[in-house]
Structure formats: C-alpha cells, structure tokens
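**Student:** Give me a model of this one.
(one chain, ligands or ions: 2)
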Amino acid sequence: MPVEIELYELLGVAVDATEDEIKKAYRKKAKEHHPDKNINDPDAGQKFQEMAAAYEILSDAESREMYDMHGMDGLTGKGSAGHGMDPADLFAHLFGGGGGGPMFGFDYGPGMGGGRRRAKGEDSVIPYDVTLEDLYNGKSVKMNMEKEVVCGLCKGSGARGNAKPKACGTCDGKGWTYVQTQISPARIGASRSQCRDCKGVGEKLKEKDRCKKCKGEKIVKEKTRQEIFIEKGMADRQRIVLAGAGDQEPGIPAGDVIFVLKCSPHDSFERSGDDLLTHITITLSEALLGFSRILINHLDGRGIKVSSPPGKIIKPDDSIILRGEGMPIYKRPDQRGDLYVIIGVDMPDEQWLKSVDQKALALLLPPKKLDVEPLPEVVDEADYESSDIVDVRARSFPASQNFFDHGFPSQFGEGEDAWVDDEDEDDEEPECRPQ
Ligand SMILES: [Zn+2]
Ligand SMILES: [Zn+2]
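**Tutor:** Numbers count the residues shown, from 1 in each chain. Ligands and ions are numbered 1, 2, ... in the order given. As a prediction, the model looks like this:
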C-alpha cells in the first residue's frame with residue numbers, strides 16, 4: 001500500500017492499476033476536465049494541470065515507485081518532512097518552482113503558480129557616478145527621469161469608459177497555456193507557459209474598448225524630476241533609496257528608485273573608511289631643515305598648512321597623520337577621520353649640483369661611507385649601470401617578491417598598523433657611520 005494515494009484518486013484508478021489502466025483513465029479524465037470544455041469552472045485549469053502532473057508521475061515506473069514509497073516528498077527531494085499535505089499544496093510545490101527534484105528540474109517558464117502577484121512594483125536601480133569631492137562636501141543633485149505611472153485617464157483599468165475586459169480567448173482566461181515540454185528524448189512533460197496574448201492576466205480588452213491615453217496598457221510614461229542628496233561621508237557603493245518613487249503598476253505599491261553611488265578614483269587622495277591618504281613631496285633642504293607651508297590643497301578647497309618640528313630630519317617615505325583632516329563621518333559630518341600623508345623627498349637635480357661649490361658642500365654634509373669592515377681579501381670592480389626596477393619586474397625576475405618589496409612603501413588599505421605615526425620612530429641608526 002502506497003504511503004499516499006492522492007495521485008491515484010485524482011485519476012480515479014486503484015493503487016494497483018496497470019500502466020494501461022492509468023493511461024486510459026488519464027485520457028478520459030483529461031477530456032472531461034479540459035478547460036476548453038469547462039469555461040464556467042474557474043478551477044478547471046488547475047484541475048487539468050493536476051491531472052497531467054499525476055499522470056506524469058504514475059505513468060513512469062521509476063517515479064511511481066518513488067511516489068508509492070515516499071509520497072510527493074520522495075519526488076520533490078524534500079525528505080520526509082511535510083507528510084499529510086493537501087494535494088493542492090503538493091502541486092503548488094511542484095509547479096511553483098520551489099522544490100523541483102531531479103525529475104522536475106525543467107523550467108516551467110513565467111506565470112507559474114497560478115499567476116502569483118508581486119507585492120510591490122519593480123525597483124529601478126541606477127548607478128550614479130560621484131567624485132571624492134562630492135562625498136567629502138555633500139551635494140544635491142536634480143535629475144530628469146522617466147517613469148511609469150498609472151494612467152490618469154482610465155485610473156489604471158486600461159479601459160475606455162466603463163468597458164469591461166473579456167476573458168482571453170487564447171488561454172480561456174487562465175493566463176497560461178498548456179504546452180508540451182520534452183523532458184528527455186523518450187518523455188514529454190506537461191508544462192504551462194504564460195499566455196502571450198493577455199500576458200498572463202487572463203483578460204483582454206477589445207481594441208475599441210481600450211483607453212485612448214494608455215492604449216489599454218494601464219500605465220503611461222511620465223517625466224519626473226528627482227532630487228537626491230549625497231550626504232557628507234557617504235561611501236562608495238552606498239545606496240540612496242527613494243521609496244515609492246519608482247515605476248507604478250495598478251493595484252500594488254510603486255517600486256523604489258535606488259541610486260548606487262560609484263566613486264571614481266581621485267588623483268591625489270585615497271580613501272579608507274573615514275581616513276584619507278595622500279602623497280606629497282618636499283625638497284632636500286625641507287627634509288633637512290624643516291618646513292612651514294601649505295602642504296595640501298584639500299577636497300573642499302582649503303589649504304592645509306603644516307610646520308615640521310624644529311630639528312627634525314624627514315626621511316623619504318616618512319608618514320605623518322593630520323588628525324581630523326580625513327573624511328566627514330556619515331551622519332556626524334562635524335566629525336572627521338584622519339589624513340595620512342606620505343612624504344617623498346625630491347633630490348636636487350644635476351643642474352643644481354653643477355651650480356654649487358661641491359667641495360664646500362662635502363664639508364657641510366655628513367661624511368661619505370668607508371669600505372666595509374673587515375675588508376674582503378678579494379675585491380672585483382663592477383660597472384655602474386642604471387636599471388629600471390619596473391622593467392626588471394616585467395621580465396619576471398626569479399627573485400622572491402620580498403626582494404623587490406623590501407623598503408617599498410606599504411600600500412594604503414593594509415590597516416592602521418601599516419602606518420607609523422611620526423612620533424613613534426625617533427632616532428634610528430644614522431645612515432653614515434661616524435669616523
Ligand atoms: Zn488609460
Ligand atoms: Zn490569455
């Protein structure tokens with residue numbers, strides 16, 4: 001005795017019916033319940049569909065055996081849960097595209113599940129390009145958009161005057177038509193597909209009964225003006241949702257308009273959360289003797305003046321932190337993150353060298369290095385030849401990545417730890433050995 005008998009009952013056969021009996025019973029029932037012959041029965045389509053599915057399962061020895069042993073759960077791959085379900089639910093399962101075990105893996109197409117309605121209109125997602133300046137300063141943007149609104153003339157009925165739609169002749173008002181689907185070379189399955197004539201609605205207006213303005217479409221295009229506020233401190237990829245500003249459809253709430261901010265890379269600043277990073281260069285004399293000047297033009301046009309501490313020598317790739325000069329914090333724009341500044345040192349050029357008294361300069365500068373100690377027994381001379389590290393990398397020099405990365409500045413985004421505050425790195429070993 002099978003664990004469930006609903007499918008047998010649907011076809012009106014005994015649980016031990018032969019293949020032939022099942023086929024005959026299905027043919028008879030299908031004729032009887034065909035929606036074409038049951039125009040006044042709103043459930044005819046559903047019944048017919050259930051019958052087709054029942055036959056589909058019971059006419060195949062393998063799936064019939066599975067059904068006998070495990071019921072519908074055995075076929076939908078849902079295990080043992082949900083025994084004693086109402087057959088209608090079982091079919092909703094099968095055809096709603098939810099469970100779909102291996103046997104029912106084919107696509108039933110749109111409009112399945114008895115014309116399920118969406119709870120809300122379609123959202124419009126619009127990418128919107130912004131600059132880092134926009135996100136720093138905030139911005140209000142007005143834009144013209146076109147959206148679909150419910151037709152004002154027919155109030156969304158699509159009809160002219162009081163004309164009523166008639167049941168669609170193509171699908172007999174069901175909204176779908178019954179089509180044969182090839183499951184495997186040997187088997188043809190029954191499946192529904194949305195009616196093309198009425199787009200799954202089941203009703204249609206005659207040409208002459210359609211609303212003049214929307215031509216029976218129920219909606220018309222309308223130009224609107226949207227204003228969005230890009231707030232200070234907003235993030236790249238942040239979404240600005242204008243609830244209910246999207247396309248309208250009769251009978252359901254309008255969708256949302258969703259702007260997705262897309263920030264283009266900035267020439268001078270990189271952002272990491274609320275913090276910013278920038279690179280500047282100072283001259284050799286500034287590195288040795290200090291500076292007090294406008295170091296940075298900020299994203300809001302302000303100049304940022306910084307003075308180095310007296311007596312401080314600045315080494316190439318030193319970094320400093322300018323507290324409170326980072327990005328405004330979203331929703332707390334009076335507070336800001338920090339600005340990290342990596343300082344490069346521009347070496348003077350050869351023209352400059354020619355113009356100075358080099359002997360005098362040598363006396364001013366720290367002494368040159370001596371040969372290494374202890375002195376090696378064998379010393380060879382090698383030629384000095386400039387090289388381009390980028391070129392070397394491109395030729396996939398077989399050294400480890402560390403070989404090249406050693407001493408290179410860390411990339412922004414490795415976290416705060418990668419950043420050394422100015423105060424932390426005091427006197428390191430001097431470059432030149434004292435004599
Ligand atoms: Zn209309
Ligand atoms: Zn139709």
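**Student:** Test my guess that A159 contacts K208.
**Tutor:** No. Counting by CB atoms under 8 Å, K208 is not a contact partner of A159; they are 10.7 Å apart. Quick note: C-beta positions are derived from backbone N, CA and C, even for glycine.
**Student:** more neighbours, these two?
**Tutor:** Comparing A159 with K208 by other CB atoms under 10 Å, the one with more neighbours is A159, at 19 against 7.
**Student:** Now do the same contact list for the more buried one.
**Tutor:** Listed by CB atoms under 8 Å, 6 or more residues apart in numbering, the contact partners of A159 are P165, L205, D209, R210, C211, G216.
**Student:** Quick check: bridge partners of it?
**Tutor:** Judged by DSSP bridges, the bridge partners of A159 are R210.
**Student:** If I look at it, what pLDDT would I see?
**Tutor:** Model confidence at A159, given as pLDDT, is 89.
**Student:** Please confirm that E217 is located within a strand.
**Tutor:** No. Counting by DSSP: H, G, I helix; E, B strand; the rest coil, E217 is not part of a strand but coil.
**Student:** For ligand 1, see how far away it is.
**Tutor:** Using CB to the ion, to the nearest Å, E217 is found at 7 Å from ligand 1.
**Student:** which residues does that residue contact?
**Tutor:** Here E217 is in contact with C151, G158 (CB under 8 Å, 6+ apart).
**Student:** For it, give its distance to T170.
**Tutor:** Counting by CB to CB, to the nearest Å, the gap from E217 to T170 is 18 Å.
**Student:** again, but for V372
**Tutor:** For V372, the distance to T170 (CB to CB) stands at 93 Å.
**Student:** Give me the nearest residue to the closest residue to ligand 1 within the stretch 251-400 of the chain, chain neighbours excluded.
**Tutor:** Per CB to the ion, G251 is where the stretch 251-400 of the chain lies closest to ligand 1, at 14.1 Å. Using CB to CB, 6 or more residues apart in numbering and skipping the chain neighbours, the partner closest in space to G251 is G156 (7.2 Å).
**Student:** Show the pLDDT at that neighbour.
**Tutor:** On the pLDDT scale, G156 gets 87.
**Student:** again with Y384
**Tutor:** On the pLDDT scale, Y384 gets 94.
**Student:** do the same with L289
**Tutor:** 95.
**Student:** backbone phi and psi for it, please?
**Tutor:** Dihedral pair for L289: phi -110, psi 0, per degrees, to the nearest 10.
**Student:** swap in Y26?
**Tutor:** phi -60, psi -50.
**Student:** Quick check: the gap between it and V13.
**Tutor:** 9 Å.
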